[in-house]
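Engineer: this one's sequence-less:
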DNA sequence: TGTCAACATCGATTCCTGTCGATATCGATG
DNA sequence: CATCGATATCGACAGGAATCGATGTTGACA
């Protein structure tokens, strides 16, 4: 995994001014997180014992149409936050831990900045 | 600070299904992070030795109009990510560490989920 | 008090996004 | 091969957001 260098320590934000293209990639992920339905989808996937949830579970968890849920799943997948796998008739989604860790690390500030 | 319970451990996502109103509050913050300009603004503020940056610094760092930067600062402030303080003729912005820590903790998964 | 510089707000425009219904795809199963 | 259920894609619509120029506000200073 070539993203380890992004995780080596905390304080990504303060390290140096974010470049434009780097900021664009990160912004895509945060934009995907910037919707209540998508946050709840991630939460449901994360909460499953097996580490994955099928679309049918998700559809049942929201008062939204099936195409809408499918759209949100696509946004999360395109942002690198979820992967999908088809098994039999169902499609299962699971988190991408590295991506989440990357974002988490970006937001963790050094101790000297949290007085 | 009454937000400490939100920080006690990792794996906020997996703890239990995010409620609608809780997800809405978090989504507002992530939506604010979901723009390259705003991420770079945060990065610039975080990178300052003093922990704060004045609007004049920020205006000079972008090829955007002054009202646009002001708009982005307002979004970040409304999302609870920045605070502002006026001193003399200048307005200084600084990070809200607790808010960043809350978001960072939400995205950090338990070790058993990162194989 | 009048003026200037720094910053915020307003109104308008253009583009993006969430949602839906309808339809297509794809596997399983008969 | 025909059908059915699960999921994805498409087209459309309404509301939101990023940007800009113009204008308002506020504090410093002469």
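Structural biologist: Cool, got the structure. Quick caveat: nothing in here was measured; it's all calculated off a predicted structure.
Engineer: avg pLDDT for stretch A:62-69?
Structural biologist: Taken as a whole, stretch A:62-69 has a mean pLDDT of 97.
Engineer: what about it and chain B, touching?
Structural biologist: No. Stretch A:62-69 is not in contact with chain B by Cβ under 8 Å from any Cβ of the partner chain; minimum separation 9.8 Å. Backbone N, C-alpha and C define where each C-beta goes, glycine included.
Engineer: buried ones in that stretch?
Structural biologist: If you call a residue buried by 16 or more other Cβ atoms under 10 Å in any protein chain shown, then stretch A:62-69 has these buried ones: A:62, A:69.
Engineer: Pull up the distance across that stretch, start to finish.
Structural biologist: Length of stretch A:62-69, first residue to last, Cα to Cα, to the nearest Å: 8 Å.
Engineer: List the contacts of that stretch.
Structural biologist: In this structure, residues lying in contact with stretch A:62-69 by Cβ atoms under 8 Å, 6 or more residues apart in numbering or on different chains are A:37, A:40-41, A:55, A:58-59.
Engineer: Can you list which of those are found in strands?
Structural biologist: With strands taken from DSSP state E, there is no overlap with those.
Engineer: top of the residues you listed by neighbour count?
Structural biologist: Highest neighbour count within the contacts of stretch A:62-69, by other Cβ atoms under 10 Å in any protein chain shown: residue A:41, with 26 neighbours.
Engineer: That one and DNA strand D: what is the separation?
Structural biologist: From residue A:41 across to DNA strand D, the span is 11 Å (Cβ to the nearest atom of the strand, to the nearest Å).
Engineer: Make sure that residue is actually in contact with residue A:71.
Structural biologist: No. Assessed by Cβ atoms under 8 Å, residue A:41 is found out of contact with residue A:71, at 11.0 Å.
Engineer: can you give me the strands for chain A?
Structural biologist: A:52-54, A:82-87, A:90-95.
Engineer: So which of those is nearest residue B:20?
Structural biologist: Closest to residue B:20 of the strands of chain A, according to Cβ to Cβ: strand A:52-54, at 18.0 Å.
Engineer: Could you check the closest one against DNA strand D for contacts?
Structural biologist: Yes. Using Cβ under 7 Å from any atom of the strand, strand A:52-54 reaches DNA strand D at residue A:54.
Engineer: And that strand, what does it pack against?
Structural biologist: Counting by 3 or more Cβ pairs under 8 Å, 6 or more residues apart in numbering or on different chains; DSSP states H and E, the packing neighbours recorded for strand A:52-54 are helix A:36-47, strand A:90-95.
Engineer: just those: most buried one?
Structural biologist: helix A:36-47 (a mean of 22; mean count of other Cβ atoms under 10 Å in any protein chain shown).
Engineer: Could you name the helices and strands sitting against that helix?
Structural biologist: For helix A:36-47, the packing partners by 3+ Cβ pairs under 8 Å, 6+ apart come out as helix A:20-33, strand A:52-54, helix A:55-61, helix A:66-78, strand A:90-95, helix B:12-15, helix B:20-33.
Engineer: quick check, the fifth one touching DNA strand C?
Structural biologist: No. No part of strand A:90-95 sits close enough to DNA strand C to count as contact by Cβ under 7 Å from any atom of the strand; the gap is at least 8.9 Å.
Engineer: near DNA strand C, anything from stretch A:45-58?
Structural biologist: No. Applying Cβ under 7 Å from any atom of the strand, one finds stretch A:45-58 separated from DNA strand C by no less than 12.1 Å.
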